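1. model the structure of this input:
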Amino acid sequence: MRSAEEIVRLAADLESFEVERKASVKAVKKEIEEAICAYSNDLPGAGGGVILVGVTDRTGKPTGLPITDELLLSLTNIRSDGNILPFPLMTVYKAVLDGKAIAVVEVEASPNPPVELRGRVCVRVGPRKGTATRDEVRILTERRRGWDGPFDQRAIPGSTLRDLDLDLFRQEYLPSAVDPEVLSENGRSVPEQLAALHLASPDGVPNVAGMLVLGHEPTTFVPGAYIQFLRVDGAELTDPIIDRKDDTLVGPLPVVLRRIDEITNAHIRVSTSLAGTVETRRPDYPIAAMQQLLRNAVMHRNYETSNAPVVWYWFTDRIEIHNPGGLFGRATEASFGSPGGNDYRNPTIAAALHHLGFVQRFGMGIALARKACRDNDNPAPEFIFGPSSFGVIVRRRT
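-> Residues are numbered from 1 along each chain as shown. Prediction:
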């Protein structure tokens, strides 16, 4: 946090490009997002920047804007609402300027540029701010060299672009991840595009996230990258097998997740009841809950040190999902499923699933699954926390 003296200096320095002043939030939220994105990219190498909310840009004086918890939360939520990816490094807090409260947003330079806002790479160089040029994107991408980031950002030795489904990349991923106007003006090569979207190294070598999202055969390079489905006629794994899928739930994540939805729809049973002339149809399991929990398993699992798959067991009385990797980062049993209580072992995979529409809003998967079960009269999901594994049980509606 900046000192009180530093806040005064930043507010008064009307010539500095490392600080922006905003009188409010609602009317200029888009501008605040652009500033956060631009400071995260830090093209001039200034070390990030600061946004002062409740301060006039013309005079640097406080406006008297009420700095409520709701306002601070709305600023904090910019980090995880999915519009800015990879997640920006930012701190939001209340400060005092000339005896009046203001909100401060400190943004650190990202170690993993380029950072995008709704598919655009925003930069600020002196008085110029806007969308990065092709050369500026290349500069930002080059800064990742030697960065020891999360495992899903590690380049895979021996892999090449031939190991990726580039048709899937061009036809589905690019249009969903890059702003249409930027895409129409984009003269970058495919290796440059993959690198800018964090799916390959600056040298164009596929990384783990790129292989999982676009790879023809991801398990060649990431052995545990598949889902094992088993349905049995009973409540024990030793009961007779009704259906199993081992080799069909492997491939690029978009393909696998769509197959999961097909299997779920095929196995769910819907009951029909009549109350007078009103017909009510209720599934034994809410598909929305199963989607959220299975996508979470793929997104948060440990791909680095485990070759085990995600396992998906369907019994007569319950469904169980187990994946390698316990809770990660700031996530704890106490904070799990609460606002701000999540963290991302695989941030690039999370961003990719958001781009492709499988994740609408970060940090809401567990809450949505709980709500779907409650609305369908299923018991609440039961979570199993282990040091190196995670599981969830959803019991059938009775």
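2. please make it C-alpha for all contacts and neighbour counts, starting now.
-> Fine.
3. check which residues of stretch 138-158 are buried.
-> 138, 140-142, 144, 151-156 (16 or more other Cα atoms under 10 Å).
4. give me the contact list for that stretch.
-> 41, 43, 111-114, 192, 195-196, 198-202, 205-209, 221, 303-304, 345-349 (Cα atoms under 8 Å, 6 or more residues apart in numbering).
5. how much space between the nearest residue to Glu172 once chain neighbours are set aside and Gly82?
-> Nearest residue to Glu172, sequence neighbours excluded (Cα to Cα, 6 or more residues apart in numbering): Leu356, at 7.8 Å. According to Cα to Cα, to the nearest Å, Leu356 stands 12 Å off from Gly82.
6. quick one: which of these two has more around it?
-> For Leu356 versus Gly82, the count of surrounding residues by other Cα atoms under 10 Å is larger for Gly82: 21 against 18.
7. and that one, which of the three is it?
-> coil (DSSP: H, G, I helix; E, B strand; the rest coil).
8. do Cys122 as well
-> Cys122 ends up strand, using three-state DSSP.
9. what ranges does the stretch 251-398 of the chain have for its helices?
-> 253-267, 287-300, 347-355, 365-375 (DSSP state H, counting those that start in this stretch).
10. tilt between the longest one and helix 347-355?
-> Following axes from the mean of the first three to the mean of the last three Cα atoms, to 10 degrees, one obtains 60 degrees for the angle between helix 253-267 and helix 347-355.
11. what's the average pLDDT for helix 253-267?
-> In this model, helix 253-267 carries a mean pLDDT of 96.
12. buried stuff in it?
-> Applying 16+ other Cα under 10 Å to helix 253-267 flags 253-254, 256-257, 260, 264 as buried.
13. using JSON lines, lay out these together with distance to Gln292.
-> Below are these laid out as JSON lines (distance: Cα to Cα, whole Å):
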{"residue": "Leu253", "distance to Gln292": "14"}
{"residue": "Pro254", "distance to Gln292": "14"}
{"residue": "Val256", "distance to Gln292": "14"}
{"residue": "Leu257", "distance to Gln292": "11"}
{"residue": "Ile260", "distance to Gln292": "11"}
{"residue": "Thr264", "distance to Gln292": "12"}
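14. quick check, nearest of these to Glu217?
-> When those are compared for distance to Glu217 (Cα to Cα), Leu253 wins out at 10.8 Å.
15. relative to Asp203, how far out is the closest residue to that closest one other than its chain neighbours?
-> In space, Leu253 comes closest to Val213 once its chain neighbours are excluded; the distance is 4.9 Å by Cα to Cα, 6+ apart. Distance of Val213 to Asp203, given as Cα to Cα: 19 Å.
16. again, but for Leu356
-> 25 Å.
17. about what we covered before: burial of the residue nearest to Leu253, as a residue count?
-> For Val213, using other Cα under 10 Å, the count is 26.
18. can you give me the distance of it to Met299?
-> 11 Å.
19. same check on Ile84?
-> For Ile84, the distance to Met299 - Cα to Cα - is 18 Å.
20. next: Ser201.
-> Distance check for Ser201 against Met299: by Cα to Cα, it reads 21 Å.
21. just Met290 next, same as before
-> From Met290 to Met299 the distance is 14 Å (Cα to Cα).
22. now swap in Leu72 and tell me
-> 28 Å.
23. ok, the two, which is more surrounded?
-> Neighbour tally, Leu72 and Met299, criterion other Cα under 10 Å: the higher count belongs to Met299, 22 against 19.
24. thinking that one is in contact with Asn346, fair?
-> Yes - between Met299 and Asn346 there is a contact under Cα atoms under 8 Å: 6.6 Å.
25. quick one: which of the contacts of stretch 138-158 sit in helices?
-> 41, 192, 195-196, 208-209, 347-349 (DSSP state H).
26. rewinding a little: and of the helices of the stretch 251-398 of the chain, who's closest to Pro381?
-> helix 365-375 (6.5 Å).
27. how far out from the middle of the chain is the closest one?
-> 19 Å (Cα atoms, centre = their mean, to the nearest Å).
28. just the CA trace of it, in CSV.
-> What follows is helix 365-375, C-alpha atoms only, in CSV (Å, rounded to 0.1, in the frame of the first residue of the first chain):
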residue,chain,number,x,y,z
GLY,A,365,-18.7,-22.8,-10.2
ILE,A,366,-19.3,-24.2,-6.8
ALA,A,367,-21.9,-21.7,-5.9
LEU,A,368,-23.8,-22.5,-9.2
ALA,A,369,-23.5,-26.2,-8.5
ARG,A,370,-24.9,-25.8,-5.0
LYS,A,371,-27.8,-23.7,-6.3
ALA,A,372,-28.6,-26.2,-9.1
CYS,A,373,-28.8,-29.0,-6.6
ARG,A,374,-31.0,-27.0,-4.3
ASP,A,375,-33.4,-25.9,-7.0
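29. go through it and flag the buried ones.
-> Buried residues in helix 365-375 (16+ other Cα under 10 Å): 365-366, 368-373.
30. which strands or helices does that helix pack on?
-> Contact here means 3 or more Cα pairs under 8 Å, 6 or more residues apart in numbering; DSSP states H and E; on that basis helix 365-375 packs against helix 287-300.
31. give the rounded mean pLDDT of the helix it packs on.
-> 96.
32. equivalent analysis for stretch 152-165, please.
-> 96.
33. just how off-centre is that stretch within its chain?
-> Here the centre of stretch 152-165 is set off from its chain's centre by 21 Å, with Cα atoms, centre = their mean.
34. and stretch 37-55, by the same measure?
-> So, by Cα atoms, centre = their mean, the centroid of stretch 37-55 is 22 Å from its chain's centroid.
35. look up how far Trp314 lies from Ile242.
-> 10 Å.
36. ignore what I typed, I meant Thr133.
-> Taking Cα to Cα, one finds Thr133 at 50 Å from Trp314.
37. which one of the two has more residues nearby?
-> Trp314 (26 against 16).
38. for the more buried one, which non-adjacent residue is closest in space?
-> Arg231 (4.5 Å).
39. state whether that neighbour is indeed within a helix.
-> No - counting by three-state DSSP, Arg231 is located in no helix; its state is strand.
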